[in-house]
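Enquirer: turn this into a structure:
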Amino acid sequence: MTARHCYPTRRTALALCLAASWLVAAPAPAHAQADNWPAKPIRIVVGFPAGSFTDTIARAVSDQLSKQLGQPVIVDNKPGANGAIGVGEVARSAPDGYTLLVTNSSSITINPQIYKKISYQTKDFAPVTMLLDAPFILTANPDWAGKHQIGSAQDLIVYAKRNPDKISCGSAGPGNIAHLAFASWSNRTGVKTTHVPYKSASQAQLAVLSGELDTQFDTWSALPQIAAGKLLPLAVTAPQRMKQLPNVPTMAEAGYADFNVTFWAGLLAPAGTPPAIVNKLYEATKGMLQNEHARNVLSKQGDMVMLAPEPFGQRIAKEVADWKQVIQREAISLD
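Expert: Now for the predicted structure:
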């Protein structure tokens, strides 16, 4: 009996060739990508100018990652539109671990909800780590506070109820987290205040120092002015007292339970970045806790936390939901 040989048809042969080429061209599994990553320099985009709060933190992260990963990590400042230019660029970048973002909480949890023409959404990012977390400090101009016998957060509310719209509070602009915090507190206590927006938190602080403004929720940059007696601290928006201000009560101690408003700085990657790369970035970054130079830099800006990717993502989701209520109630919408 003659043996029969089965030869593939031309169509079958073509299909086999295409299948083979697809297998060759198919992307490597995520773990393989992480094993080979990084194979070239990494870029950290910052949506704010050199020397800013966010830039200072990004440069500390850059130094840490360069040492841990063995590749240059470059900080690329892309300021403009309240950080949206740089943040939007990262959202559109390839999710390969070579373009990262260091930014603040407002950029991720608030701005996508208030700016009509913004080019990104919260879902466009993969959380890597929350680097630091910092409460606000409710401050007042000492002369103004003394004139009206205001020595506590409760005193401020009593005065506001007796004098509707007379208290001026400032922030770094409409929809800024400090603005939303004061709006939330005013709504909760049933008082009316006048919000005055500035171009930056430092300008708002100068306005309180000069007496142009009465009060605001200020950042840790107020600590030297508080120590010099130029600003009066009334409360802090954290669950515990700040070690730098041990005699200043929390908002809860002042009678406003669960008023915990903090701002954070975090490291993020474009959505779709392989989890293995995200975890490798997190492991490399959290070594900053043992880095004395990094601790010195970051501890001046807030509390170092180095929150892992999953709980960081949960924190972001909660803040988005919490601020959504305030934004809708205040009807804040910007172009």
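
Enquirer: okay, and Lys318 sits in which element?
Expert: Following DSSP states H and E, the helix or strand that holds Lys318 is helix 309-330.

Enquirer: what do you get for Gln68?
Expert: With the criterion set as DSSP H and E, the secondary-structure element containing Gln68 is helix 53-69.

Enquirer: now the helices for this protein?
Expert: Under the criterion DSSP state H, helices of the chain are mapped to 10-25, 30-36, 53-69, 84-91, 105, 111-114, 142-147, 153-162, 177-189, 201-210, 223-227, 275-285, 292-298, 309-330.

Enquirer: neighbours around Ser333, how many?
Expert: Residues contacting Ser333 under the criterion other C-beta atoms under 10 Å number 13. Placement of C-beta: from N, CA and C, glycine included.

Enquirer: actually Pro246, not the one I wrote
Expert: Other residues near Pro246 come to 7 when the count uses other C-beta under 10 Å.

Enquirer: what separation do you get for it and Ala227?
Expert: Using C-beta to C-beta, to the nearest Å, one gets 13 Å for the distance from Pro246 to Ala227.

Enquirer: also Lys117?
Expert: For Lys117, the distance to Ala227 under the criterion C-beta to C-beta works out to 42 Å.

Enquirer: so the two - more neighbours on which side?
Expert: Neighbours around Lys117 and Ala227, counted as other C-beta under 10 Å, are more numerous at Ala227. The numbers are 11 against 8.

Enquirer: so how far is Ala140 from that one?
Expert: 16 Å.

Enquirer: check Gln290 too.
Expert: With the distance defined as C-beta to C-beta, Gln290 ends up 39 Å from Ala140.

Enquirer: what sits up against the helix holding Lys318?
Expert: Helix 309-330 is contacted from outside by 105, 108-110, 113-114, 122, 126-130, 175, 180, 183-184, 187, 264, 266, 275, 278-279, 282, 307, using C-beta atoms under 8 Å, 6 or more residues apart in numbering.

Enquirer: which of the residues in it are buried?
Expert: Burial within helix 309-330, assessed by neighbour count using 16 or more other C-beta atoms under 10 Å, is assigned to 309, 312-313, 315-316, 319-320, 323, 326-327, 330.

Enquirer: and those residues as a markdown table, adding pLDDT?
Expert: Compiled in a markdown table, the buried residues of helix 309-330 are given as follows (pLDDT from 0 to 100):
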| residue | pLDDT |
| --- | --- |
| Pro309 | 98 |
| Phe312 | 98 |
| Gly313 | 98 |
| Arg315 | 97 |
| Ile316 | 98 |
| Glu319 | 95 |
| Val320 | 97 |
| Trp323 | 94 |
| Val326 | 91 |
| Ile327 | 93 |
| Glu330 | 88 |
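
Enquirer: can I get those residues in JSON lines with distance to Asn36?
Expert: Shown next, in JSON lines, are these (distance: C-beta to C-beta, whole Å):
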{"residue": "Pro309", "distance to Asn36": "21"}
{"residue": "Phe312", "distance to Asn36": "25"}
{"residue": "Gly313", "distance to Asn36": "26"}
{"residue": "Arg315", "distance to Asn36": "31"}
{"residue": "Ile316", "distance to Asn36": "29"}
{"residue": "Glu319", "distance to Asn36": "35"}
{"residue": "Val320", "distance to Asn36": "34"}
{"residue": "Trp323", "distance to Asn36": "39"}
{"residue": "Val326", "distance to Asn36": "45"}
{"residue": "Ile327", "distance to Asn36": "43"}
{"residue": "Glu330", "distance to Asn36": "48"}
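
Enquirer: so which of those comes closest to Ala160?
Expert: Closest to Ala160 out of the buried residues of helix 309-330 is Glu330 (16.9 Å), distances taken as C-beta to C-beta.

Enquirer: more neighbours: which of Gln290 and Ala140?
Expert: Comparing Gln290 with Ala140 by neighbour count (other C-beta under 10 Å), the higher total belongs to Ala140, at 26 against 8.

Enquirer: pLDDT score assigned to the closest residue to that one other than its chain neighbours?
Expert: Once its chain neighbours are removed from consideration, Ala140 has its nearest residue in Thr215; the separation is 4.4 Å (C-beta to C-beta, 6 or more residues apart in numbering). With respect to pLDDT, Thr215 scores 97.
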